[in-house]
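Need coordinates for the below:
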Amino acid sequence: THPPSRFCDHSAHASITCRFHASDEELARLFRSINGLIFPGGLTWLWLDAPYVITARKLFNMALEANNNGDVFPIHGTCLGFQLLHILASNVSRNDLLIETNSTSHASTLKLMDAAADSIMFGSLNHELQKKLEDPMLNLALENHEYGMPPPMYKKYPVLSDWYKILTTTKDRQGIEYISSMEAKKYPFFGTQWHPEKPSFEFGIPEIPHTLDAILVAQHLANTFVDYARFSSHKPESHEQELEMLIYNTPVVFSAKDEVFADDNYDGPDMTYYFDPDEKPPHGPDDGPSYSGELKYASRRDYEAMKAAGSYSEFKAWQTQRRRATVAQMLG
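Next up, the predicted model:
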């Protein structure tokens, strides 16, 4: 999983983790304890009936209810989280929304749409930085995804344009255009297909831009998100509970340097967190999907499976083969 704490670190905001198989009671307690929610990048199923999506929808609905009642609560979605926000708002399958793109480890531009001028995310960004975002000689944004959402999807599914406004688009290496930034029209919900957390904190992918301009853009977006979070009155029941919830309690692997992860094709995060290594998956067997949308529980066992595969490249090939087999089974 990508460490969402990196994004919040820009603005002196602590991060805690949420288990996707948490009980409703645990989710409610968690929601009362936090001031904002980040749906991070990473790899998991985004089927409508996937456990991760089901849990995300519960939190999404809690955030909607809170904001409707005057309790400000922001959400930011990065990469996979950006795609998730569209799925939650539209209830449309990821297969119907996304197309394949050649955008892994791709430093690129952001083309600002007219809506960006008065947007929360970019409206107050320094004008010079706005121009630099569009400069192909600078490439301030790091894209790292295999799928993207083309702008026509907002017309094909009007519920998307009811919910969100497109702020930037980007083209992949083959010139395919996809939406790279958006924000909700009525709620403090923001999304980037690109990774604003990487320029300041990640060094495993050589293409990541580390220029001052790239870092200033990232800091601006983090400050925007956290400024909304500061309006929230949510807090843990005690300081001791807060310390127990912090992400610092979670085991982490330096994946960019790990003997299994770090081959020539590795395009993941520098640091990877693993949760509840001794806990059994909430559904089904350990060795794969037991129904449409199921993914084996993310834990230390996944790391062991990757080690058994021999390399990150072999693991991704196995993972892709399994995903295609599952899709074929669903369609067949």
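
switch to C-alpha atoms for all contacts and neighbour counts from now on
Will do.

Backbone dihedrals for the nearest residue to Lys171 once chain neighbours are set aside, both of them.
Distances taken as CA to CA, 6 or more residues apart in numbering put Glu177 closest to Lys171, at 4.3 Å, once the chain neighbours are dropped. Main-chain torsions, Glu177, degrees, to the nearest 10: phi -90, psi 140.

what's the burial count for Glu177?
16 (other CA atoms under 10 Å).

so what's Tyr266 scoring on pLDDT?
Listed pLDDT for Tyr266 reads 68.

should've said Phe254
Reported pLDDT for Phe254: 80.

What is the neighbour count of the nearest residue to it once chain neighbours are set aside?
Counting by CA to CA, 6+ apart, the nearest residue to Phe254 once its immediate chain neighbours are dropped is Met271, at 4.8 Å. Neighbours of Met271 under the rule other CA under 10 Å: 18.

So Met271 versus Leu129, what's the distance?
29 Å (CA to CA, to the nearest Å).

Repeat that for Phe31.
35 Å.

Tell me which of those two has more neighbours.
Using other CA under 10 Å as the criterion, Phe31 and Leu129 rank with Phe31 on top: 21 against 16.

Assign a three-state SS to Met182, would you?
strand (DSSP: H, G, I helix; E, B strand; the rest coil).

If it is in a bridge, with which residues?
Ile166, Gly191 (DSSP bridges).

Surely it touches Thr192?
Yes: counting by CA atoms under 8 Å, Met182 touches Thr192, with 6.6 Å between them.

hang on, the earlier thing: from what I see, the residue nearest to Phe254 and Ala256 are in contact.
Yes: between Met271 and Ala256 there is a contact under CA under 8 Å: 6.9 Å.

Tell me the spacing between Pro196 and Ile166.
17 Å.

In contact with Leu140, which residues?
Ala107, Ser108, Thr109, Lys132, Leu133, Pro209, Thr211, Asp213, Ala214 (CA atoms under 8 Å, 6 or more residues apart in numbering).

which SSE is the first one in?
Ala107 belongs to strand 99-108 when assigned by DSSP states H and E.

from the middle of its chain, how far away would that strand be?
Centre-to-centre, strand 99-108 and its host chain are 15 Å apart (CA atoms, centre = their mean, to the nearest Å).

Just the CA coordinates for that strand, please, in CSV.
Taking C-alpha atoms only, strand 99-108 is exported to CSV below (Å, rounded to 0.1, in the frame of the first residue of the first chain):
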residue,chain,number,x,y,z
ILE,A,99,-9.3,2.4,-20.2
GLU,A,100,-5.7,1.1,-20.4
THR,A,101,-3.0,3.8,-20.4
ASN,A,102,0.8,3.7,-20.8
SER,A,103,1.5,5.9,-17.7
THR,A,104,3.6,3.9,-15.3
SER,A,105,6.6,5.8,-14.0
HIS,A,106,5.7,8.7,-16.2
ALA,A,107,6.6,12.3,-15.3
SER,A,108,4.2,14.5,-17.3
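
in its sheet, what does it sit against?
Short version: by DSSP bridges, strand 99-108 pairs with strand 141-148 (antiparallel).

helices or strands next to the helix or strand following the strand it pairs with in the packing?
Next in sequence after strand 141-148, counting helices and strands by DSSP H and E, comes helix 153-156. Applying 3 or more CA pairs under 8 Å, 6 or more residues apart in numbering; DSSP states H and E, we find helix 153-156 packed against helix 158-163.

how about the helix it packs on: buried residues?
Within helix 158-163, the residues scored as buried using 16 or more other CA atoms under 10 Å are Val159, Leu160, Ser161, Trp163.

Now distance to Thr101 and pLDDT too, for these, in a markdown table please.
Shown next, in a markdown table, are these (distance: CA to CA, whole Å; pLDDT from 0 to 100):
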| residue | distance to Thr101 | pLDDT |
| --- | --- | --- |
| Val159 | 23 | 98 |
| Leu160 | 20 | 98 |
| Ser161 | 22 | 98 |
| Trp163 | 24 | 98 |
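
And those residues, which is closest to Glu146?
Leu160 (21.2 Å; CA to CA).

quick one, helices of this protein?
5-9, 24-33, 51-68, 80-90, 94-97, 127-133, 153-156, 158-163, 198-201, 212-229, 239-245, 300-309, 312-331 (DSSP state H).

doesn't Gln193 make contact with Leu80?
Yes: between Leu80 and Gln193 there is a contact under CA under 8 Å: 7.4 Å.

of these two, who's got more company?
Gln193 (29 against 24).

Check what pLDDT the closest residue to the more buried one other than its chain neighbours gets.
Once flanking residues are discounted, Gln193 sits nearest to Cys79: 4.1 Å by CA to CA, 6+ apart. Note on Cys79: pLDDT of 95.

quick one: which of Pro196 and Ile166 has more around it?
Pro196 (26 against 22).

so who does that one touch?
Phe7, Ala141, Leu142, Val217, Ala218, Leu221.

let's see it at 6 Å
Ala218 (CA atoms under 6 Å, 6 or more residues apart in numbering).

State the mean pLDDT of stretch 138-152.
pLDDT averaged over stretch 138-152 gives 97.

buried ones in that stretch?
Here stretch 138-152 shows Leu138, Asn139, Leu140, Ala141, Leu142, Glu143, Asn144, His145, Tyr147, Gly148, Met149, Pro150 as buried, counting by 16+ other CA under 10 Å.
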